[in-house]
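>>> okay, sequence plus prediction incoming.
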Amino acid sequence: MTLLIETAASGVALPRWRARLPRFCRALAEAAGFPGLEVSLLLCGDERIQELNTRYRGTRKPTDVLSFPRDDGGGAAADGLPVAGDIAISLPALRRNAATFGVSEDEELKRLLVHGILHLAGMDHGRGKGRAMLIRQGKLLERLRGQRIMGEPGE
């Protein structure tokens, strides 16, 4: 299994828990039946994710997660190739979501990662097939329930 997880930060400090991301992503790839993952992950603030959201989606507001599948056709899990691309996660949005949904920041981080990686695999929730993606997301999160990325609350 191919596993390449690169992490960078923009407008936020790189958190200590970033070293635990590959372990979670490996478990996710195995649970999802993906042949591997090649993901660049940008952890950022609302300002940076709003810039990306405006530039690539034409939406002038921050969001929680954005996915950018690799352009060379290697992004679809059905091809037998690793799921590949870039994901941006807003850490302030992650914290707000966790408070809004009444979950830990760790659980919300896992949800955003699974959501972003399913997008990289070619799934979409905006065009009639959304229910299937969200159901798969829920099943994967259930299978990964015991996995932790963050150590202590707020880490």
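Perfect, thanks for sending it.

>>> gap between the residue nearest the centre of the chain and residue 120?
Geometric centre of the chain, nearest residue: residue 113, 2.3 Å, by C-alpha atoms, centre = their mean. Applying C-beta to C-beta, to the nearest Å, the value for residue 113 to residue 120 is 10 Å. To be clear about C-beta, it is placed using only N, CA and C from the backbone, and glycine gets the same treatment.

>>> and for those two, which residues touch both?
Taking C-beta atoms under 8 Å, 6 or more residues apart in numbering as the contact rule, residue 113 and residue 120 both touch residue 87.

>>> any chance you could map the strands in this structure?
Secondary structure of the chain by DSSP state E: the strands cover 2-10, 36-44, 65-69, 83-90.

>>> between the shortest one and strand 83-90, how many degrees?
Regarding strand 65-69 and strand 83-90, their directions subtend 160 degrees when assessed with axes from the mean of the first three to the mean of the last three C-alpha atoms, to 10 degrees.

>>> got the contact list for strand 65-69?
Taking C-beta under 8 Å, 6+ apart as the rule, strand 65-69 contacts 49, 52-53, 56-57, 75-76, 84-90, 93, 112, 115-117, 119-120, 122.

>>> ok, the last one next?
Residues outside strand 83-90 that contact it (C-beta under 8 Å, 6+ apart): 29, 34, 36-46, 48-49, 52, 62-70, 74-77, 109, 112-113, 116-117, 120-121.

>>> ok, back up a step: any of the contacts of strand 65-69 buried? List them.
49, 52-53, 75-76, 84-90, 93, 112, 115-117, 119-120 (16 or more other C-beta atoms under 10 Å).

>>> quick one: mean pLDDT over the lengthiest helix in the chain.
Determined from DSSP state H, the single longest helix within the chain is helix 105-120. Mean per-residue pLDDT for helix 105-120: 96.

>>> so which elements touch it?
When contacts are defined as 3 or more C-beta pairs under 8 Å, 6 or more residues apart in numbering; DSSP states H and E, helix 105-120 sits against helix 21-32, strand 36-44, strand 65-69, strand 83-90, helix 91-101, helix 130-143.
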